[in-house]
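# Return atomic coordinates for the entry below.
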Amino acid sequence: MAIQWIKEANYSLDMLDQAEPYLAVRRIIGTDERISGQKIYYEHFEADHPKGVIVISHGFTESVQKFSESIYYMLQAGYSVWGIDHRGHGKSHRHNENPYVVHVEHFEDYVLDLRHLTETVIKPVSGLLPLYLYCHSMGGCVGAWTIEQYPHLFRKAVLSSPMLGLTFAVPTPIMFAAASLMGIGERKKNPLKPVNSFDDEPDFEHSCDSSECRYLYYFGKRMKDPTLQTFEPSIGWGLESVKACYRVTSKKETARIAIPVLLFQAGADTVVKNASQNLFASRVHGCELVEIPGMKHELYMTDSEVLIPYWEKVFAFFD
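All right, here's what the predicted structure looks like:
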C-alpha cells in the first residue's frame, strides 16, 4: 500500500486524527525483566501483512513515544514494530531518584536488555520473519555494540545519527578525567549541574530537530507525561558512554559486524561527532554512509522534503 505521509500543513491534527488512532488499535504494551525487579517497558505493533520486523533502539532521553510518526510509516510499509524504553528512560527501570536525569550503571546493560528482549520475547512472536534494527543516536551506539557482539541477531541495521563519538566543549580526555574525579561512588548518579525541574517553555531553536511542528508535537507529549521529562545525563552515564563510543568504533569490534549497515549522518549535527561515524563506516565492510546536508541531529524529525526520501531509503534498504 502507498504510505500516507504526515505533512507540515496540518501536522498535529493529522497525527491526532490519523496516525495515533491507527497505532492505538495495534499497540500491545508489555514489560520484561532480564534482571529481577528491573522492568524494561516495550510496545509492539503488528502490521496487517508483515514482511519483516523492525526493532527500534531510541536515543538519549527519548522513549518509544517519540517514534509514533516513524512507527506509523513502518507499519504501512509492511513491517511489524517493537519499540523499547531503554533503562533509565520512559517507563522502564530507573537507577536513580531524580526523574530528570538519565543514569546507567553499565552501558552494556542497554545491549544485554536489547538482546534478551529480542531472543525471549520478539523472536517467539515473529517466527521466521526477518528482524531488522533501527537505531537513533545513543540507540545507535547500543545498536553498533549489539551487532558487533551478536552478529546474527538481526538481518540488517540502520544507524541514524549514531552516537559513536560525543561532542564536548573541552577535549574528551579532559572531560573524562574531570568527570571520573567527580563521579566517585554514589555521586556518579548525579548530573554535572543541579537539575530540579523540567522547563515548560519550548525551545525549538536550540533543539536537535529541523521540523518545528514535530518538535512541538512531542514537546506537548512530554508536558503531559512526567516519564518523558528526562533531559540531563548523570556523571556515570557520561563516563559509560565515552567508553562505549571508543569500544564500538575500534578495529577489533567493527571487524565482527557481519550484516549490511546503513548509516545516516546529519550534516549540521552538533551532538555527536561525524568524524567518529566516518571512522566507523570506513572500518565496517558493507556499511553505506549517507550524509544529509544541513540537517540537525534528529533526522526522523525533519520536514517532509527531507523526511520522505529518508524513509524511502530506509525501507528500500530493508527490502
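
# Now do the contacts for Phe154.
When contacts are counted by Cβ atoms under 8 Å, 6 or more residues apart in numbering, Phe154 touches 55, 118, 131-133, 146-147, 259. Using the backbone N, CA and C atoms, a C-beta is placed for each residue, glycine as well.

# And the pLDDT for it?
We have a pLDDT of 98 for Phe154.

# Read off the pLDDT value for the spatially most central residue of the chain.
Ranked by distance to the mean C-alpha position of the chain (Cα atoms, centre = their mean), the top residue is His58 at 1.8 Å. What the model reports as pLDDT for His58 is 98.

# Does it touch His86 like I think?
Yes. The pair His58 and His86 passes the contact test of Cβ atoms under 8 Å, sitting 6.6 Å apart.

# Common neighbours of those two, please.
138-139.

# With just CA atoms, put stretch 215-224 into CSV.
In CSV, the C-alpha atoms belonging to stretch 215-224 read as follows (Å, rounded to 0.1, in the frame of the first residue of the first chain):
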residue,chain,number,x,y,z
TYR,A,215,9.3,19.3,17.9
LEU,A,216,6.2,21.0,19.3
TYR,A,217,4.1,17.9,19.0
TYR,A,218,6.4,15.7,21.0
PHE,A,219,7.0,18.6,23.5
GLY,A,220,3.3,18.5,24.2
LYS,A,221,3.5,14.8,25.0
ARG,A,222,6.4,15.5,27.4
MET,A,223,4.4,18.2,29.2
LYS,A,224,1.6,15.7,29.8
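
# do you know how far the residue nearest to the centre of the chain is from Met138?
Separation of His58 from Met138 (Cβ to Cβ, to the nearest Å): 8 Å.

# Quickly list what's touching both of those two.
When contacts are counted by Cβ under 8 Å, 6+ apart, His58 and Met138 have His86 as shared neighbours.

# for the spatially closest residue to Tyr42 that is not a sequence neighbour, phi and psi?
Residue nearest to Tyr42 in three dimensions, not counting chain neighbours: Ile84, with 4.4 Å by Cβ to Cβ, 6 or more residues apart in numbering. Taking degrees, to the nearest 10, you get phi -110, psi 150 for the backbone angles of Ile84.

# Correct me if wrong, but Glu105 is in a strand.
No. Using DSSP: H, G, I helix; E, B strand; the rest coil, the secondary structure at Glu105 is coil, not a strand.

# Identify the residues contacting it.
Contact partners of Glu105, counting by Cβ under 8 Å, 6+ apart, are 95, 236, 240.

# Show the pLDDT at it.
The confidence metric pLDDT takes the value 94 at Glu105.

# and it, how far is that from Leu239?
Relative to Leu239, Glu105 is positioned 11 Å away (Cβ to Cβ).

# Apart from its chain neighbours, what residue comes closest to Tyr72?
Nearest residue to Tyr72, sequence neighbours excluded (Cβ to Cβ, 6+ apart): Ala19, at 4.3 Å.

# show me what contacts that neighbour?
Neighbour list for Ala19: 6, 68-69, 72 [criterion: Cβ under 8 Å, 6+ apart].

# wait, which of those is closest to Pro194?
Using Cβ to Cβ, the shortest approach to Pro194 within the contacts of Ala19 belongs to Ser68, at 32.2 Å.

# So which bits of the helix or strand where the closest one lies are buried?
Under DSSP states H and E, the secondary-structure element containing Ser68 is helix 68-76. Taking 16 or more other Cβ atoms under 10 Å as the neighbour-count basis, helix 68-76 is seen to contain the buried residues 68-76.

# Leaving out the residues flanking it, which one is nearest to Asn44?
Rather than Asn, residue 44 is His. Distances taken as Cβ to Cβ, 6+ apart put Ile28 closest to His44, at 4.3 Å, once the chain neighbours are dropped.

# show me where pLDDT drops low in the stretch 51-200 of the chain?
Counting by pLDDT under 70, the stretch 51-200 of the chain has low-confidence residues at 168-185.

# would you list every one of the strands in it?
For the stretch 51-200 of the chain, strands defined by DSSP state E, counting those that start in this stretch occupy the ranges 52-57, 79-84, 101-102, 131-136, 156-160.

# Can you list the strands that the third one pairs with?
In other words, strand 101-102. Sheet pairing for strand 101-102, assigned by DSSP bridges, gives strand 232-233 (parallel).

# what mean pLDDT does the strand it pairs with have?
94.

# Also stretch 250-258?
If you average the pLDDT over stretch 250-258, you get 98.

# Please name the nearest non-neighbouring residue to Gln265.
For Gln265, the spatially nearest residue (Cβ to Cβ, 6+ apart) is Glu291, at 4.6 Å.

# hang on, isn't His49 packed against Gly78?
Yes. In this structure, His49 is within contact of Gly78 by Cβ under 8 Å, at 6.5 Å.
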